[in-house]
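Asks: Any chance you could fold what I've pasted below:
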Amino acid sequence: MADLALTAPPPREDLLRQLRPRLAQVAPGLRIIAEGLLGADASIDFVGVEPDGRVVLVLVGGADQDLELVARALAQRAWVERRLRDWLQLAPELGLRPEAGVRLLLLSPDFRPEAESAARALGPDAPTLAVYRCVRNGAGVDALLEPLRAPAPHAAATRARPAGLQPFRTGLTDADLGLTPEEHLEFE
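Replies: Model prediction:
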């Protein structure tokens, strides 16, 4: 059995290739529709669509870039929100729902307290934060993802609830439990 050891990330292109299939761990049901999209003066690593039609922007930062990553993500979200209706017109088969909004998923090797606080300060529009770790597994390097904390409730998650469904009696939301609308229906 090969020994596992933490290691430095591979070159960015390899890191992104390794992270892509792992995104479902922190964003179940996410379907990637674009990679390396030029956004607001910078590249958006991945653009995806959730089953409810909400767009998800995934940005990957390096060491000590966490606070910058939060700021860059906000600029990218604003840029994308202004273009969603155009994207829908150009590619209606993608299943985008502009009214569902844009969610941010930020990946970094670490998030310092000020970056976490900045993200949390956005309230219901707070990005989902996840840490990536690279491990040497024999001769290769694998990237692993770990959510930093449960995603904050998002206004679009509440709007996405099918008509007639009430919130949980405890006051928890689907987002608190990490449930998709389809998973919520299983409890009805």
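
Asks: Direction included, what does the longest strand seen in the chain pair up with?
Replies: Identified as the longest strand of the chain according to DSSP state E is strand 128-137. Strand 128-137 sits in its sheet next to strand 4-7 (antiparallel), strand 102-108 (parallel), strand 140-147 (antiparallel), going by DSSP bridges.

Asks: list the contacts for the nearest residue to residue 61 once chain neighbours are set aside?
Replies: Distances taken as Cβ to Cβ, 6 or more residues apart in numbering place residue 69 nearest to residue 61, at 3.6 Å, with adjacent residues excluded. Every C-beta, even on glycine, is put in place using the N, C-alpha and C of the backbone. For residue 69, the contact set (Cβ atoms under 8 Å, 6 or more residues apart in numbering) comprises 59, 61, 106, 108, 115.

Asks: ok, the most centrally placed residue in the chain - contacts?
Replies: Residue closest to the mean C-alpha point of the chain, counted by Cα atoms, centre = their mean, is residue 105 at 2.4 Å. When contacts are counted by Cβ under 8 Å, 6+ apart, residue 105 is found next to 23, 26-27, 56-59, 127-128, 130.

Asks: how close does the residue nearest to residue 61 sit to residue 85?
Replies: Using Cβ to Cβ, to the nearest Å, residue 69 is found at 27 Å from residue 85.

Asks: Equivalent analysis for residue 39, please.
Replies: Separation of residue 39 from residue 85 (Cβ to Cβ) stands at 16 Å.

Asks: So for those two, which residue has more residues nearby?
Replies: residue 39 (19 against 12; other Cβ atoms under 10 Å).

Asks: didn't residue 52 look like it was pressed against residue 97?
Replies: Yes: counting by Cβ atoms under 8 Å, residue 52 does reach residue 97; the two are 7.0 Å apart.

Asks: returning to what we had before: what's the helix or strand for the residue nearest to residue 61?
Replies: helix 66-81 (DSSP states H and E).

Asks: go on, residue 88?
Replies: Assigned by DSSP H and E, residue 88 falls within helix 84-90.

Asks: Tell me the gap between that helix and the middle of its chain.
Replies: 21 Å (Cα atoms, centre = their mean, to the nearest Å).

Asks: And that helix, what's buried?
Replies: Neighbour-count burial for helix 84-90, counted by 16 or more other Cβ atoms under 10 Å, picks out 84, 87-88.

Asks: Pick out whichever of those sits closest to residue 15.
Replies: residue 87 (26.6 Å; Cβ to Cβ).

Asks: Okay, that closest one and residue 142: tell me how far apart.
Replies: With Cβ to Cβ as the criterion, residue 87 and residue 142 are 33 Å apart.

Asks: do the same with residue 96
Replies: 32 Å.

Asks: Tell me which of these two has more neighbours.
Replies: Ranked by neighbour count (other Cβ under 10 Å), residue 96 and residue 142 place residue 96 first, with 22 against 15.

Asks: Kind regards, and thank you for your time.
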